[in-house]
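Chemist: predicted structure and sequence below. I'll ask about it afterward.
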Amino acid sequence: MRDAWDDSFDSLSPYAYEAHRWQRLEREPPLVRGTTLLVVAACLLLLGFVAADVGLYSSQPVTVNVTAVEWFIPGTPLATTAGFSLHGSSSVTVTLTCSSVCIRFSGATVESPFTLLGFSVVYHPDQYTNVTVRAPATAYTGPIAIQLNVA
């Protein structure tokens, strides 16, 4: 007498399974599952956003904060004027004005990290001493010291 288990048992089932696979009657399991592919795509998208943020942050202009402009003649402080802010590597002209007893200046020097670009004196009713400097390429906070040469 046979029971239900005996009818469903196929002694050739391992071989039949391989034959079905060989004849492509049964699909192969996918090499990469959908959830794995989704996680990899999300990680790549996140990596792209991080790279864009880093690129945006690194391309921001450098700020140079000048707290004061300190004017000197050899050995003596002459005046202090207000500070300002500008972008790194920019140039700016600072002016010292004299309207009463004025000294004739023949040139100027600036302390690093600033670079001297130009010097001029204009004599109208008042004396305007103009010094053009280039700001450093890196961030800076502090004063500019300008030494004026007496003519």
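Modeler: Perfect, I can see it now. Numbers count the residues shown, from 1 in each chain.
Chemist: which segments of this protein make up each domain?
Modeler: Per automatic domain parsing, the domain ranges recorded for the chain read 4-58, 63-150.
Chemist: worst mean pLDDT among those domains?
Modeler: Note on these: lowest mean pLDDT is at domain 4-58, with a mean of 71.
Chemist: after the longest helix anywhere in the chain comes which helix or strand?
Modeler: Determined from DSSP state H, the single longest helix within the chain is helix 34-58. Later in the chain than helix 34-58, the nearest helix or strand by DSSP states H and E is strand 63-73.
Chemist: buried ones in that next one?
Modeler: 64, 66, 69-72 (16 or more other C-beta atoms under 10 Å). For every residue, glycine as well, the C-beta is placed using N, CA and C.
Chemist: those: which two are farthest apart?
Modeler: 64 and 72 (20.6 Å; C-beta to C-beta).
Chemist: please name the nearest non-neighbouring residue to residue 115.
Modeler: residue 134 (4.4 Å; C-beta to C-beta, 6 or more residues apart in numbering).
Chemist: can you show me the helices along this protein?
Modeler: Counting by DSSP H, the helices of the chain are 4-8, 13-22, 34-58.
Chemist: make JSON lines out of the buried residues of strand 63-73 and add distance to residue 129.
Modeler: Listed next are the buried residues of strand 63-73 as JSON lines, based on distance: C-beta to C-beta, whole Å:
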{"residue": "64", "distance to residue 129": "22"}
{"residue": "66", "distance to residue 129": "17"}
{"residue": "69", "distance to residue 129": "11"}
{"residue": "70", "distance to residue 129": "14"}
{"residue": "71", "distance to residue 129": "8"}
{"residue": "72", "distance to residue 129": "12"}
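Chemist: circling back to that earlier point, the residue nearest to residue 115 reaches residue 114, doesn't it?
Modeler: Yes: under the criterion of C-beta atoms under 8 Å, residue 134 makes contact with residue 114 at 6.7 Å.
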